[in-house]
Structures are given as structure tokens and as C-alpha cells.
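Novice: Whatever this is, show me its structure:
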Amino acid sequence: MIALRDLLVRHQTLEATYLHTVRSGGWLPPIFLNQLVHLILRNVLDGCEDTFVLRAAELFFRPQRLTLHDGSLVAADDETVSGLGNKPLSPLVSMLGLPKAAEIDVLSGENASSYWQRSDLFDMALDLTAGRRGIAALGEVTGRWIAHLLGIEVAIQPLVATRVAAYAIGETLRQIRRLTEAARARDLTSDEAAWLAELVDALDDWITNKGGFLPAEWEN
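Specialist: This is a model prediction of the structure:
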């Protein structure tokens, strides 16, 4: 507590205190750091009326328990679902195999208005499944967090097809290696030679525009 007080006095604002702590590798008890983040988010989201964004912000300062069920990724407050008690099981608690004290509802368009009365209970789960409102809200609050602390405007878009992209990149790399070997053996068809030349030109342009950055696997 004294260390946190001294940091706040030295750096004057919550934001400056947080940035100093994370940049310097300084140590604060997790409960103090979480409270600091909570207070900063109060400034970041002042006036926000999107309950999905507000619930997503809880991921910044409240540990979550993630559960996969029928293809959905659900985040529920860890302290809430870990509580003890004698309350009857709700359908969601039973479905997810959570302790029976946890009365959890997944935030949705139908129950979003109840978040305002329940926010301090941390008893609403967030669906983080790709393509749904929860994951987009997490991207939005992350963008606001970065803009508030660093003054950098960013747009964060959730990826929903990374496996397809990774497969396509892998297949392209395999084709490049095969054609490179063929080129060394001088055994390319005219179409293959033209395709390889276009690919090299495209990669060269991409490298130039991206400042010379390439994924590590492309450098081998």
C-alpha cells in the first residue's frame, strides 16, 4: 500500500503510474495492479453505453475462466464461478460444469440491459467466439486502452480464419521451395518461371512497403 501511494505521489496520475510500473518492470501486488487498471478503464470508458465493451473491459482486471462448449468460447469471472454455496444449479452452470454457487448468464442482446444492475456482481459471462459481438468488443476496448495510454489510434480486427491463412501461406512456401529447386536444376516450364518471377516481384514490393519485415519462417 505504501509503495503504491509513493508511486502515485511521484507520477501524479494513474496512467503515468501504470506506465512506469509496466515499463520499468516494477512490482506491485496483483490486487493493486488490477485496481489501478480498473480505475484507468473508468477514465477510458467514461460515457460508454455499450455493455459488451464494458464487460470485455473486465478481462483487463478480473481473472477469467475460459470454457469451450459446442464450438463457443465463453469467459466467466473466475472468482464468481469458484465461489462456494448452496444455491441450485442454473442451466449454464450445469452445462459448463461450474461450481453450483455460480449463477452465470451469458451476455446477449436480450439481457444486456440487466448488466447495469449486475456489473458489480461480475456474474455475466462473455461469448468470445470468433465472429460474435464479444470478441469485437474486446478489440474495441483494447484499441481505446492503447489510444488512452499511448496516444496511438489503432483499429483491431479479430481474425476468424487464421488456420486457412496459415495453410495457404504454408502451401505457397512449399511451392516456392519446389520451384526454387527446379530453377536451380534449370527444369522450369515457362508458366512456372513466369509465376515465380511474379511472386518474387510481389514479395519484393511487400518487403519494401513493410520496412523489410518478414515472418521468421519466410527467412529460412
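Novice: how close does the closest residue to Leu68 other than its chain neighbours get to Glu140?
Specialist: The shortest distance from Leu68 to any non-neighbouring residue, by CB to CB, 6 or more residues apart in numbering, is to Val74 (7.9 Å). (Glycine included, C-beta is placed from N, CA and C.) Noted for Val74: a distance of 19 Å to Glu140, by CB to CB, to the nearest Å.
Novice: now swap in Leu126 and tell me
Specialist: Where Glu140 is concerned, Leu126 sits at a distance of 13 Å (CB to CB).
Novice: the more surrounded of those two?
Specialist: Leu126 (25 against 19; other CB atoms under 10 Å).
Novice: partners of that one in the sheet?
Specialist: Ala75 (DSSP bridges).
Novice: quick one: it and Leu107 touch, right?
Specialist: Yes: if you go by CB atoms under 8 Å, Leu126 and Leu107 touch, sitting 5.6 Å apart.
Novice: okay, and the common contacts of these two?
Specialist: 52, 55, 134 (CB atoms under 8 Å, 6 or more residues apart in numbering).
Novice: quick one: contacts for the nearest residue to Phe122 once chain neighbours are set aside?
Specialist: Among residues not flanking Phe122 along the chain, Asp77 sits closest, at 4.0 Å (CB to CB, 6+ apart). Neighbouring residues of Asp77 by CB under 8 Å, 6+ apart: 58, 62-65, 122-123, 125.
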